[in-house]
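Visitor: okay, predicted coordinates and the sequence, questions at the end:
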Number of protein chains: 2
Amino acid sequence: MVRRVVREPTNVVVELDDRKATILKAVVVEHIDTAQPVGSSAVAASADLDVSSATVRSEMVALEREGYLAQPHTSAGRIPTDKGYRYFVDHLQSGVLGSVQQKQVKDFFASVRGEVEEVLEKTSTLLSQMTSYTSVVVGAGHAHATILSVQLVNLDAHHHLLVSVFSDGSVVKHSLTPNFEAKPEEVMEASRQLNALLINTSLETRVQVPSRRDNVANLVREAVSTLHAQQPVMEGEQVFIGGSSKVAEVFEGVETVRKVLAILEQELLVVSLVQDILDQGLSVAIGSEHGFEPLSTCALIVAPVTIDGVPAGAVGLLGPTRMKYREAMAAAEAVSKQLSRHFAGADDRG
Amino acid sequence: MVRRVVREPTNVVVELDDRKATILKAVVVEHIDTAQPVGSSAVAASADLDVSSATVRSEMVALEREGYLAQPHTSAGRIPTDKGYRYFVDHLQSGVLGSVQQKQVKDFFASVRGEVEEVLEKTSTLLSQMTSYTSVVVGAGHAHATILSVQLVNLDAHHHLLVSVFSDGSVVKHSLTPNFEAKPEEVMEASRQLNALLINTSLETRVQVPSRRDNVANLVREAVSTLHAQQPVMEGEQVFIGGSSKVAEVFEGVETVRKVLAILEQELLVVSLVQDILDQGLSVAIGSEHGFEPLSTCALIVAPVTIDGVPAGAVGLLGPTRMKYREAMAAAEAVSKQLSRHFAGADDRG
DNA sequence: TATTGGCACTCGGTAGAATTGACTGCTAAC
DNA sequence: GTTAGCAGTCAATTCTACCGAGTGCCAATA
């Protein structure tokens, strides 16, 4: 293979000079609004720069050469590339949420009641309604939470239900179907022992199980292994997707709609996608930035949720690359902040 | 205005004579296959009737007059009306599931493991994959189930978690946030009393709560009222929707897709729709038969799930009115049967 | 009397040509 | 460096003609 020195001005992130930036911004804003390619004259007219369309044109060829703009075909206007959107998001927009919506979020969290899951679900609906995009709300798993209580309940001779309560307020059940018949007293005894064994441990803690061979010990062993047998990552992650019908509104082309819906169905995928973006320290992934091809026509906005500083999930918004970044990012941020506060300050009320 | 005697043969459900039935069937089958209006010559050629297209035509005008067929425009073929589909479903199709798929269902239920919720969710995916339609799986609520155990767990001074286990294997949690501070011992005592009070009752049973004013009694009262405060209908109903991306495949027109998706988002609506249809004793609702306008271009197939003869939910398939009724109905039926058996016979394994 | 072949008619869909118009890139002048 | 002007490109639109699938009707037929 020939070794070459490749100059990729595309990869070098330079500050654009003022005029180029203004032009890029005008193109992005206009294209987000109209979904049409934007021509030089429109830019010359709209933007607050006093140059002719010819000047705009020559700047545009430069912007195109540098990878910020693209042309669907010769005689059409320009549309932003992913890189163009990225520059726009990073440098050219200010994200303030309208006061009406600010209020909407506040009101929502002031009045919302119910279990964590319900709150997350409703939050997801709220986000989607506010923005007209599909929303994703991820509640973190309880890998680090400690066990407050476990209980073994007898369903019938061969069926027992292991109910575990975690310090983060989550409750998990597991069925046990041992191949021996345990008496109710044995089940109760096993339940007692499990409590003694597991309380205040987390799922990451290995515990010493009894090695005896009687029914009680067998039950205890089966319960512990069932409880610990879950996936190390993301078990207990909760995903709530709101406004999937928006997909049909904001994306064009049945095929795209189908693809996006199909991806939303695989919730684990969505979770890992959101997680990836958060791990990269991003708040927006535009086009193929997340490296996931089927969503290359999408942008995904994420905002972390923390409880007392500890990561506890995230909220996200999924739209086309030409989405309304400012509003959507502001909404995601406001909601994630309020959500964080909601859970941290849950004690205040009453 | 001239007074006229209007004859409405459309409302009279009569058996169609053999030839009309054959023609109707041919039109339905062809149109389901091609999504195109079907012409007289196609019918004359395809069906096993030895008449000319002219004869078919004259029969078709009769079928149209009687409301079984419709014409998009003058020079087009005929498409079935809802009534036409209904007749087809009731009289003209036999529903046997292909042996390959029969096996697929068997294999699935032979290997599926996990909690009820997981099974239902996977079932929903299975159904949707088998048929290419969106599936709905409804698990009945536990209104009639009795309580096996309740437990009050301390989260912190003002937060307690009420965890209830029902005889149907479901587990429900409720947060209690009393405005007084209860000591751990008091919480435990309340938990004990709740158990004594509630075990073997169902949510429909009213119980006698202590009238004392101490913390324990207050906790007990709050717990009982929280537990009983749920919606009388459909609380605890679980809905699993599989293959919503299929909506984009089988329906044409973005607007329709959006509408259907929007409806699927409102899960309670879907549940009541399914319930309605079951209550009417139907297994298919075609077009506007369910009286729900936004879904008037859809057909909804349902099949009840029972556990030991007791209604325990349903499975459903949602598609366009021109869906493949035979296959879809066979699939729904097979899955609902196997699902019923799965839960009834859960003891066998091991 | 039921069926049929034949015929005129309807009307959506398609293919092609012509036109439009929104762009661009280029260049010469300022 | 900026601009006006101009020639060129190409998608989108409109128009036209035409095709053909399909109908309804009717007179002839078995």
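Guide: Cool, the structure landed. Numbers count the residues shown, from 1 in each chain, chains lettered A, B, ... in the order given.

Visitor: count of neighbours near A:Glu64?
Guide: 15 (other C-beta atoms under 10 Å in any protein chain shown). (Each C-beta comes from the backbone N, C-alpha and C, glycine too.)

Visitor: how much space between it and A:Arg78?
Guide: According to C-beta to C-beta, to the nearest Å, A:Glu64 stands 7 Å off from A:Arg78.

Visitor: again, but for A:Thr146
Guide: 56 Å.

Visitor: cool, and A:Gln208?
Guide: According to C-beta to C-beta, A:Gln208 stands 67 Å off from A:Arg78.

Visitor: compare the two (neighbour count), which wins?
Guide: Applying other C-beta under 10 Å to A:Gln208 and A:Arg78 shows that A:Arg78 carries more neighbours, namely 27 against 7.

Visitor: and the residue of the stretch 201-350 of chain A that's closest to DNA strand D?
Guide: Closest residue of the stretch 201-350 of chain A to DNA strand D, C-beta to the nearest atom of the strand: A:Glu252 (11.9 Å).

Visitor: for that residue, give me phi and psi.
Guide: phi -110, psi 140 (degrees, to the nearest 10).

Visitor: what's the neighbour count on it?
Guide: Using other C-beta under 10 Å, the number of residues around A:Glu252 comes to 13.

Visitor: for A:Pro304, same thing?
Guide: Counted with other C-beta under 10 Å, A:Pro304 comes out at 18.

Visitor: OK, contacts around it?
Guide: For A:Pro304, the contacting residues are A:Leu278, A:Pro311, A:Gly313, A:Ala314, A:Ser336, by C-beta atoms under 8 Å, 6 or more residues apart in numbering or on different chains.

Visitor: A:Val150 too?
Guide: Residues near A:Val150 by C-beta under 8 Å, 6+ apart: A:Leu162, A:Val163, A:Ser164, A:Val165, A:Ser191, A:Leu194, A:Asn195, A:Leu198, A:Ile199, A:Ala223, A:Leu227.

Visitor: run through the helices of chain A in chain order.
Guide: Applying DSSP state H to chain A gives helices spanning A:18-34, A:40-46, A:53-65, A:82-87, A:99-111, A:116-131, A:184-198, A:215-228, A:246-250, A:254-265, A:267-279, A:325-344.

Visitor: nearest to B:Ile263, out of those helices?
Guide: Ranking the helices of chain A by distance to B:Ile263, with C-beta to C-beta as the measure, places helix A:246-250 first at 12.1 Å.

Visitor: report whether the closest one contacts chain B.
Guide: Yes: against chain B, helix A:246-250 shows contacts by C-beta under 8 Å from any C-beta of the partner chain at A:Val247, A:Ala248, A:Glu249.

Visitor: which residues touch that helix?
Guide: Contacts of helix A:246-250 (C-beta under 8 Å, 6+ apart): A:128, A:132-134, A:257, A:260-261, A:264, A:318-320, A:323, B:248, B:254, B:257-258, B:261.

Visitor: buried ones in stretch A:297-308, by neighbour count?
Guide: For stretch A:297-308, burial by neighbour count (16 or more other C-beta atoms under 10 Å in any protein chain shown) applies to A:Thr297, A:Cys298, A:Ala299, A:Leu300, A:Ile301, A:Val302, A:Ala303, A:Pro304, A:Val305, A:Thr306, A:Ile307.

Visitor: per-residue confidence averaged over that stretch?
Guide: Mean pLDDT, stretch A:297-308: 96.

Visitor: show me what contacts A:Val274?
Guide: By C-beta under 8 Å, 6+ apart, A:Val274 lies in contact with A:Val136, A:Val138, A:Leu300, A:Val302, A:Ala314, A:Gly316.

Visitor: recalculate using a threshold of 7 Å.
Guide: Each residue near A:Val274 by C-beta atoms under 7 Å, 6 or more residues apart in numbering or on different chains is listed here: A:Val136, A:Val138, A:Val302, A:Ala314, A:Gly316.

Visitor: I figured the first one hits A:Gly316, correct?
Guide: Yes: counting by C-beta atoms under 7 Å, A:Val136 sits close enough to A:Gly316 to count as a contact (4.0 Å).

Visitor: which among the contacts of A:Pro304 gets closest to chain B?
Guide: For the contacts of A:Pro304, the closest approach to chain B (C-beta to the nearest C-beta) belongs to A:Gly313, at 17.9 Å.

Visitor: give the contact list for that closest one.
Guide: So A:Gly313 contacts A:Val138, A:Gly139, A:Ala140, A:Val305 (C-beta under 7 Å, 6+ apart).

Visitor: ok, now A:Asp82?
Guide: A:Ile286, A:Gly287, A:Ser288, A:Glu289, A:Thr321.

Visitor: most surrounded residue in these?
Guide: Counting neighbours by other C-beta under 10 Å, A:Ile286 comes out on top of the contacts of A:Asp82 with 24 neighbours.

Visitor: measure the residue nearest to A:Ser46 when sequence neighbours are not counted to A:Ala45 for me?
Guide: Nearest residue to A:Ser46, sequence neighbours excluded (C-beta to C-beta, 6 or more residues apart in numbering or on different chains): A:Ala26, at 5.4 Å. Per C-beta to C-beta, A:Ala26 is found 9 Å from A:Ala45.

Visitor: who has more neighbours out of the two?
Guide: A:Ala26 (21 against 11).

Visitor: tell me the predicted confidence for that one.
Guide: At A:Ala26, pLDDT is 96.

Visitor: what's the answer for A:Gly236, then?
Guide: Predicted confidence (pLDDT) for A:Gly236: 67.

Visitor: one more: the one 4 residues further on?
Guide: For A:Phe240, the pLDDT comes out at 97.

Visitor: looking at it, it is touching A:Glu121, isn't it?
Guide: Yes: if you go by C-beta under 7 Å, A:Phe240 and A:Glu121 touch, sitting 4.7 Å apart.

Visitor: have a look at those two and say which one is more surrounded.
Guide: A count of neighbours by other C-beta under 10 Å puts A:Phe240 above the other of A:Phe240 and A:Glu121, at 21 against 18.
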